[in-house]
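Enquirer: Model the following, please.
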Amino acid sequence: MATRLTDIVKVFSDKWTYGAVEFGYESDINKDHDRQYPALIIEPPVSVIDDVNIGRENYDFEVNFYNLYDTAAQNVVELQKRWDNLQDLANEWLDMVLKNYQDTTVQAYIDEAGINIERVKEVGNDRLVQLKVSFTINGFTKCFRPISKYPSDIADLAIWLKADSGATFDIATKSLSKLTDQTPSSISFVSQPTKSKQPLRYGYDGANDKTYLNFDGTNDLLISDRVSPLGADFTLFEVSKGDSVNSTIFGYDRGSSQVSVKISGSGSFSAFLFDGVKAMNVDSGRDNLGKNHIGIIKKSNQTVDLEYYDSVDTLSDTDTNASYNGTLEYNQRVFTIGASVNTSDVGSLFLNGNIQEVIVYNKVLTDNEISDVKSYLNTKYRIY
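Expert: Here you go, the predicted structure:
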């Protein structure tokens, strides 16, 4: 597992049990004058990846330890003792940090260059003693050989819509008018020319602080510029969050054939397929409202499978209908994102919630291929 900055800072913070801890800058120490001492401030590090084939990143940290110092106590021994006690806390904290990474794979360790300690007295208005401790943490972050799997590495990719890529939007209002498909060599897109129906694009605050599109549940939707590319069999992945029932994430509706990936009337993640006569329906069977999740729908002939993942639950369902037209293709009209059909009536089941990514393949993916796409999505969005 990669040791990213987020992971290291969390370990640093969790292991400081003596007083306040912050990820910030030295200048923040006197900001509010209500800090609990002894205190720790972890400054944002500079880092270097020396060998891109090995993928270990050297984070140059400066961490600052503080404790109160009575300015009336001018005795040198007392001042030395105050620094020694603060260094004892720092040493114990660092031991606990390194123990966290102590296993057979050695996720992270202090670089052999060593640790630098600087002692400072009467810091700012809080009259503090301070230890400035500098060291380098060496941790695996990413190997820059082309070993990562992306959706485009798997054949028959038909749709790849990402909130963070190919977006045309108004910077001031955040209204999104167009989202270009990221499928290689594709020039297709989904769009919404009517401003009042445009979802909003936020560049952060989604799952894992990633970009997301927010749909209002009233009339927001995106419509493909050409007919759906879906054939008889397909595998669909989506990362979204539904905040109310009867909310559609992906929709295709010709009347005589339908595909709807949605939050159902009971608040569960579900999918509905219709061939004009017979239907297939899969459901997570649990209230999934308000949860960032990865959803997977796999349609193979007369069977449809569902997989659902959030931070707590892993759910699945299968439906098989021997009378369903398994050879029917879903490519006679446009598809929609954020609503079931290209209308503005209540039957459109508009999404009230967020969408971050939608990926569709025109085939039934193997278990290994599903695992690769799921891994790509979870590495990106940290859903589970």
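
Enquirer: Only C-alpha atoms from now on, for both contacts and neighbour counts.
Expert: Noted.

Enquirer: where does the stretch 251-384 of the chain dip in pLDDT?
Expert: Scanning the stretch 251-384 of the chain for pLDDT under 70 picks out 342-347.

Enquirer: same thing but at 50, please
Expert: 343-346 (pLDDT under 50).

Enquirer: Show me the helices in it, by range?
Expert: With DSSP state H, counting those that start in this stretch as the criterion, the stretch 251-384 of the chain has helices at 367-381.

Enquirer: Which residue ranges of it form strands?
Expert: Residue ranges of the strands in the stretch 251-384 of the chain, as given by DSSP state E, counting those that start in this stretch, are 258-263, 269-274, 279-283, 293-300, 303-309, 314-320, 334-337, 352-361.

Enquirer: name the helices or strands packed onto the fourth one?
Expert: For strand 293-300, the contact count by 3 or more CA pairs under 8 Å, 6 or more residues apart in numbering; DSSP states H and E identifies strand 234-242, strand 303-309, helix 367-381 as packing neighbours.

Enquirer: Next: the fifth one.
Expert: If you count contacts as 3+ CA pairs under 8 Å, 6+ apart, strand 303-309 packs onto strand 269-274, strand 279-283, strand 293-300, strand 314-320.

Enquirer: Among those strands, which comes closest to Glu357?
Expert: Distance to Glu357, taken as CA to CA, is lowest for strand 293-300 among the helices and strands packed on strand 303-309, at 9.3 Å.

Enquirer: Now do that closest one and strand 352-361, the angle between them.
Expert: Angle, strand 293-300 to strand 352-361, by axes from the mean of the first three to the mean of the last three CA atoms, to 10 degrees: 40 degrees.

Enquirer: Distance from strand 293-300 to the middle of the chain?
Expert: When C-alpha coordinates are averaged (CA atoms, centre = their mean, to the nearest Å), strand 293-300 and its chain have centres 18 Å apart.

Enquirer: and what of stretch 235-242?
Expert: 13 Å.

Enquirer: same check, this time on stretch 17-31
Expert: Stretch 17-31 sits 27 Å away from the centroid of its parent chain (CA atoms, centre = their mean).

Enquirer: tell me which residues of that stretch are tucked away?
Expert: Ala20, Val21, Glu22, Phe23, Glu26, Ile29 (16 or more other CA atoms under 10 Å).

Enquirer: And stretch 179-199, by the same measure?
Expert: Those would be Leu179, Thr180, Asp181, Gln182, Thr183, Phe189, Val190, Ser191, Gln192, Lys197, Gln198, Pro199, for stretch 179-199 by 16+ other CA under 10 Å.

Enquirer: any chance of the helices and strands packed on strand 293-300 in TSV, with mean neighbour count and distance to Tyr37 too?
Expert: As requested, the helices and strands packed on strand 293-300 are exported to TSV (neighbours: other CA atoms under 10 Å; distance: least, CA to CA, whole Å):
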stretch	mean neighbour count	distance to Tyr37
strand 234-242	25	40
strand 303-309	21	41
helix 367-381	16	35
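
Enquirer: how about these in TSV, adding distance to Glu57?
Expert: Output for the helices and strands packed on strand 293-300, formatted as TSV (distance: least, CA to CA, whole Å):
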stretch	distance to Glu57
strand 234-242	29
strand 303-309	30
helix 367-381	18
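
Enquirer: Looking at those, which is nearest to Glu78?
Expert: Using CA to CA, the nearest of the helices and strands packed on strand 293-300 to Glu78 is helix 367-381, at 50.2 Å.

Enquirer: Tell me which of the helices and strands packed on strand 293-300 sits nearest to Leu68.
Expert: Leu68 lies closest to helix 367-381 among these, at 40.8 Å (CA to CA).

Enquirer: Just the C-alphas of the closest one, formatted as CSV.
Expert: What follows is helix 367-381 as a C-alpha-only set of coordinates in CSV (Å, rounded to 0.1, in the frame of the first residue of the first chain):
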residue,chain,number,x,y,z
ASP,A,367,-13.6,-10.9,-12.7
ASN,A,368,-10.0,-9.7,-13.1
GLU,A,369,-11.0,-6.8,-15.4
ILE,A,370,-13.8,-5.8,-12.9
SER,A,371,-11.2,-5.9,-10.1
ASP,A,372,-8.9,-3.7,-12.1
VAL,A,373,-11.5,-1.0,-12.8
LYS,A,374,-12.8,-1.2,-9.2
SER,A,375,-9.2,-0.8,-7.9
TYR,A,376,-8.7,2.2,-10.2
LEU,A,377,-11.9,3.8,-8.8
ASN,A,378,-11.2,3.0,-5.1
THR,A,379,-7.6,4.2,-5.4
LYS,A,380,-8.9,7.5,-6.7
TYR,A,381,-12.0,8.0,-4.5
